[in-house]
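In: From the sequence below, what's the structure:
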Amino acid sequence: MVWVDHVLSGDQASGSCRITLNPKAHYCSETSLRQSSLIEWIAQSFGYVRAAVTDLTSSRAYLAAVRDVEFCEEKVWNQFACNLKEGDTATVHVKILRTLSPITLAAGEVYGPEGTLLVKASFKLYIESETRSGAS
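Out: As a prediction, the model looks like this:
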């Protein structure tokens, strides 16, 4: 499922995306947002920013590892995750830390509707051979 609604900004090294929240979406359980969904939001945001700012295409990219995950304090999380309102937004910031083709090391952060940091994580992606758009 695609959860990124809009690429807000981006360049070759970083960018931001918006997720419009929906308490009935698959990233929620019956009572709140699942924390693991935020990791998916970071991964999707990286892909969309990358697609928006480069003329490179990739046949496949794989999330190979997630590291250094730090969620906000439980009180902050519960305030956000248990009180989702349809139409609220979350903002995801991603940046490339290093590229050792075909491996890319990146990091991301997710902020709630009021700008509260919800999670930050670093991750490793394996990106299959890239080609210039239109090249055969």
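In: pLDDT on the longest helix anywhere in the chain, on average?
Out: Ranked by residue count under DSSP state H, the longest helix found in the chain is helix 35-53. Averaging pLDDT along helix 35-53 gives 90.
In: got it, and stretch 83-102?
Out: Stretch 83-102 carries an average pLDDT of 92.
In: Endpoints of it, how far apart?
Out: 40 Å (C-alpha to C-alpha, to the nearest Å).
In: if you skip the residues just before and after it, what's nearest to the residue nearest the centre of the chain?
Out: Taking C-alpha atoms, centre = their mean, the centroid of the chain lies closest to Ile42, which sits 1.5 Å from it. Once flanking residues are discounted, Ile42 sits nearest to Gly108: 3.4 Å by C-beta to C-beta, 6 or more residues apart in numbering. In short, each C-beta sits where N, CA and C put it, glycine included.
In: mind checking the backbone torsions on that neighbour?
Out: The phi/psi pair for Gly108 (degrees, to the nearest 10) reads phi -150, psi 160.
In: Cool, thanks, signing off.
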